[in-house]
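Need a 3D model of the following:
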Amino acid sequence: MESGNALITVVVIVLVGGLLVVFPMYMIANQNDKIAQNILATETTNLVNDIITTGEFTREKLDKYDQKISATGYAFDTEYTIMILDENPSKKEILANATKIGENVFIVVQKTQVDELLNNQQGKMLLKPGDRVNIRSTIKTSTLSMDLGSFLFGASSKDIKNMAAESSGVVTK
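Okay, here's the model as predicted:
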């Protein structure tokens, strides 16, 4: 009878000791993820704002952005899309004393095409007013907080919030 109580006591001590280590580690890792998410969102917005106000999409800006978000300690996958406003975006039609303007047409340029353009144009792509820029970065792997959250709370990978940021804008200059 005594050995049964001793075994239960040992198991409880091990479980409590484990929780005293794992739970605080989870809380610290979760706080680190929140800080990294904030940095990612801020830097993504800053990059898009810089591009739309200057009208320049450059390799240098992308490299600085990658450097800043990598400083969080995580690896990110960055996708970008540029929608170039067609040179002849609208046509006028006269209908009974009214002028009708057609819809704007955009040429969509994805990341691989943008990379090719940047390589062919000395790392610089000039944009014009009306062009649209979209940048999205997502984390490549799971973080310690995600792994511990899954372990502690039994959450599946679908239930765990992924670290990502997205920003879009229309070129003004």
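
after the longest helix out of those in the chain, next one along is what?
Using DSSP state H to assign secondary structure, the helix with the most residues in the chain is helix 2-54. Toward the C-terminus, helix 2-54 is succeeded by strand 56-58 as the next helix or strand (DSSP states H and E).

Let's test this: mean pLDDT of that next one, rounded?
The pLDDT scores in strand 56-58 average 94.

which outside residues touch that strand?
The set of residues external to strand 56-58 that reach it, using CB atoms under 8 Å, 6 or more residues apart in numbering, is 51, 82, 114, 118, 123-127, 133. C-beta here means a position set from N, CA and C on the backbone, and glycine is covered the same way.

now the next helix or strand after it against helix 2-54, angle please.
Scanning the chain past strand 56-58 towards its C-terminal end, the next helix or strand to appear is helix 59-70 (assignment: DSSP H and E). Helix 59-70 runs at 160 degrees relative to helix 2-54, counting by axes from the mean of the first three to the mean of the last three CA atoms, to 10 degrees.

which helices and strands does helix 59-70 pack with?
Contact partners of helix 59-70 among helices and strands, from 3 or more CB pairs under 8 Å, 6 or more residues apart in numbering; DSSP states H and E: helix 2-54, strand 76-85.

Quickly compare those and say which is most buried.
For these, the largest average neighbour count (mean count of other CB atoms under 10 Å) is found in strand 76-85, namely a mean of 18.

Worst mean pLDDT among the helices and strands packed on helix 59-70?
Mean pLDDT, when computed for each of the helices and strands packed on helix 59-70, is lowest for helix 2-54, at a mean of 88.

can you give me the angle that one makes with strand 76-85?
Helix 2-54 and strand 76-85 meet at an angle of 30 degrees, taking the same axes, to 10 degrees as the criterion.

What residues are bridge-paired with residue 167?
Applying DSSP bridges to residue 167 yields these beta-bridge partners: residue 135.

Run through the residues that contact it.
Taking CB under 8 Å, 6+ apart as the contact definition, residue 167 lies against 41, 44-45, 47-49, 134-135.

Among the residues you listed, which pair sits farthest apart?
Comparing all pairs in the contacts of residue 167 by CB to CB, the longest separation belongs to 41 and 134, at 14.5 Å.

picking that back up, now the longest helix of the chain, how far from the chain's geometric center?
Offset of helix 2-54 from its chain centre (CA atoms, centre = their mean, to the nearest Å): 20 Å.

returning to that earlier point: between the contacts of strand 56-58, identify the one with the most neighbours.
Within the contacts of strand 56-58, neighbour counts (other CB atoms under 10 Å) peak at residue 51, which reaches 25 neighbours.

That one against residue 172, yeah?
No: checked against CB atoms under 8 Å, the pair residue 51 and residue 172 is beyond contact range at 10.4 Å.
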